[in-house]
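Q: next one to model:
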Amino acid sequence: MPPEEVNTDAHRQRMYEKRRGYFCIVVLCVLASTTAIILEAFAIFNIEYCDGEDLTQLYWGFWSILQVGSLIADLGVIFQFWIILSGAGTPPWAVALGTPVLVFAALGWVLKHQLHGVLNHARGRYMYGGDDADISDEEKAVDSASRWVSRA
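A: I've put the predicted structure just below:
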């Protein structure tokens, strides 16, 4: 694809819509996988507590480990899509690889990013007493600095 087509707004909009569609597909896969894991846990309890039958030898725990691992990998893909679709930039590691350490690190990164947004919004309301849409960034910086200087 030529570079001049890649940088157009129409191409960006198409890519955003495709990614949003893929995000929905991955969310549905995670919901189906979570449902299967929960049903399997109930089946395991049923096998374990059968009256007079020793059926736990029929259960092979390796499949549960694979299911939980694939669920964590799917969550990594969801976090990567969420980070890209939100436009917040990307963390310096590959979240979509699906290793648990990277997925939980991405969860912390996303939560940190969201918390910073909430705190910045709350600070703006506290310092300016409400909606600060009509105040420019320069006025905010000067006002913030003068408040701190006056407190010192």
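Q: need the three-state assignment for residue 88.
A: Following DSSP: H, G, I helix; E, B strand; the rest coil, we place residue 88 in the coil state.
Q: longest helix in the chain, please.
A: Secondary structure of the chain per DSSP state H: the longest helix is helix 9-48.
Q: got the buried residues for it?
A: 23, 26, 30, 33 (16 or more other CB atoms under 10 Å). Using the backbone N, CA and C atoms, a C-beta is placed for each residue, glycine as well.
Q: now stretch 90-110
A: 91, 95, 96, 98, 102, 103, 105, 106, 109, 110.
Q: residues touching the nearest residue to the third one once chain neighbours are set aside, list them.
A: In other words, residue 96. Closest residue to residue 96 apart from its sequence neighbours, by CB to CB, 6 or more residues apart in numbering: residue 80 at 4.1 Å. Contacts of residue 80 were listed using CB atoms under 8 Å, 6 or more residues apart in numbering, and they are 90, 95, 96, 106.
Q: so which of those are in helices?
A: With DSSP H as the criterion, helices contain residue 106 from among these.
Q: look up how far residue 35 lies from residue 41.
A: Residue 41 sits 11 Å away from residue 35, going by CB to CB, to the nearest Å.
Q: pLDDT value on residue 151, please?
A: You'll see residue 151 listed with a pLDDT of 44.
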